[in-house]
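Engineer: please work out how this folds:
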Amino acid sequence: MRKLITFSLLSLSLVVLPRVQGELVYRPDEGWNYEKPGEETPAAKTAREQLNRAAEAENRGDTKAALGAYRVFVKKFGYSGAAPKAQMKVGQLYEKLGNYDNAFDAYTDYIKKYPRGDDFDKAVEGQFTIAKRFLDGEKVRMYGIKTVASMTRTQKMFETIIEHAAYSKYAPISQFYIGQALENQNKPKEAIEAYKTVQTKYPNDPIAADAQYQIGYVYMKQSRKEAVYDPSAGNKARDAFEDFMARYPSSEKVAQAKDNIKKLDSRGTKGSFEIAKYYDKQKKYKAAVIYYNDVIKQQPGSHESEEAKTRIEELKALVGEDALHAGPERTETGARAAKDRKLQAQVDTASRPDYLGPKIAVREQTAPQKPKVRSSPQDVGPVPSMPAVEPPLPAQ
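Structural biologist: This next block holds a predicted model:
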């Protein structure tokens, strides 16, 4: 039974666990270490000798051996003047082998260690190329095996470029691609903020126009995400596209922005029409008429507009026009208001010098007097009630 269990576990590990290339190596000066693919185990006695080993392996086409030799050189002879070149080689050879994760990290190490190195711009370019590859769907490696695409890793790559090379030519477009990565993660709010950062930090870069357009596009996607049109997101999208056309009138995307606005207007009309029909079905006719009127104003002459007009007339015949007013007075409130207006009219008429009718007494409105301050204990006691005084009746 024990042998069977051991065999089963071993078989399971062979099936489930990925195959890991490399080996566990013991070095007298370092102890046990796992050597990655292509890593040279022994180090030469001098920097020149180690560099020659790396160059020879590269010349004969043994990329893995060359990669290992350059890695050992950087680790053992980092003080050498050739260390920056060796570090750059590490990134390039990882990239050549298709190990883009490690290549990106190697370029990052170069930028952090040698910010004034001759290959600084080339290292940033290498970072950007790899990050864009991940944005386009490159898969992340785990234990040497490609697994799944990761927009989180992609976002982090572009953020790293901006962090260490904020003034490089790749910084503005990296900020833009952060927005793209966030969109792919279904984070529209964060994506919009990333595009706005392009506008604020790099307003004079050509990518700023694309960022403004993309803000409108993200809002546009939000407006039609649900079954019912979201007018708030639609209005924001429209404003963003109009702002885009005003600020970048020569952009090649202006035509597309105009087309998007037409789609938003059409979708907005359909959205209002759908809401109107919903309220209509619920017999909330006043609300339904409000949205039917929105349809008529937004798209006059459209099929929906004509249908909205027809339905409004039907509702007028069904419940009466007064019942469809947006804000009608309550019956008692309206009656009271009419009585007040009638009395006011009488008063105004009686005050005229040519008035010959009966006198109308109007009670003068005075501010209430302040209560008398009680200054002694004898003053404490119940306040005597005052008899109610009615206003005199009008003289006959």
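Engineer: any idea how far residue 320 is from residue 286?
Structural biologist: To residue 286, residue 320 is 12 Å away according to CB to CB, to the nearest Å. Using the backbone N, CA and C atoms, a C-beta is placed for each residue, glycine as well.
Engineer: please say which of the two ends up with more neighbours.
Structural biologist: residue 286 (15 against 10; other CB atoms under 10 Å).
Engineer: where in the stretch 1-150 of the chain is pLDDT low?
Structural biologist: Across the stretch 1-150 of the chain, the ranges flagged by pLDDT under 70 are 1-41, 142-144, 146.
Engineer: quick one, helices of the stretch 51-200 of the chain?
Structural biologist: Using DSSP state H, counting those that start in this stretch, the helices of the stretch 51-200 of the chain run over residues 63-76, 83-96, 100-113, 120-135, 151-164, 171-184, 188-201.
Engineer: tabulate those helices (JSON lines), appending mean neighbour count.
Structural biologist: Shown next, in JSON lines, are those (neighbours: other CB atoms under 10 Å):
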{"stretch": "helix 63-76", "mean neighbour count": "22"}
{"stretch": "helix 83-96", "mean neighbour count": "23"}
{"stretch": "helix 100-113", "mean neighbour count": "21"}
{"stretch": "helix 120-135", "mean neighbour count": "20"}
{"stretch": "helix 151-164", "mean neighbour count": "20"}
{"stretch": "helix 171-184", "mean neighbour count": "23"}
{"stretch": "helix 188-201", "mean neighbour count": "18"}
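Engineer: okay if I get those as JSON lines plus distance to residue 304?
Structural biologist: Formatted as JSON lines, the helices of the stretch 51-200 of the chain follow (distance: least, CB to CB, whole Å):
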{"stretch": "helix 63-76", "distance to residue 304": "65"}
{"stretch": "helix 83-96", "distance to residue 304": "56"}
{"stretch": "helix 100-113", "distance to residue 304": "51"}
{"stretch": "helix 120-135", "distance to residue 304": "40"}
{"stretch": "helix 151-164", "distance to residue 304": "39"}
{"stretch": "helix 171-184", "distance to residue 304": "31"}
{"stretch": "helix 188-201", "distance to residue 304": "28"}
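Engineer: where in the stretch 201-350 of the chain is pLDDT low?
Structural biologist: For the stretch 201-350 of the chain, the stretches flagged by pLDDT under 70 are 226-229, 268-271, 326-350.
Engineer: quick one: the helices in it?
Structural biologist: 207-223, 231-247, 254-281, 285-298, 303-319, 331-350.
Engineer: make JSON lines out of the ones you listed and add distance to residue 165.
Structural biologist: JSON lines is the format used below for those (distance: least, CB to CB, whole Å):
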{"stretch": "helix 207-223", "distance to residue 165": "16"}
{"stretch": "helix 231-247", "distance to residue 165": "27"}
{"stretch": "helix 254-281", "distance to residue 165": "32"}
{"stretch": "helix 285-298", "distance to residue 165": "48"}
{"stretch": "helix 303-319", "distance to residue 165": "53"}
{"stretch": "helix 331-350", "distance to residue 165": "69"}
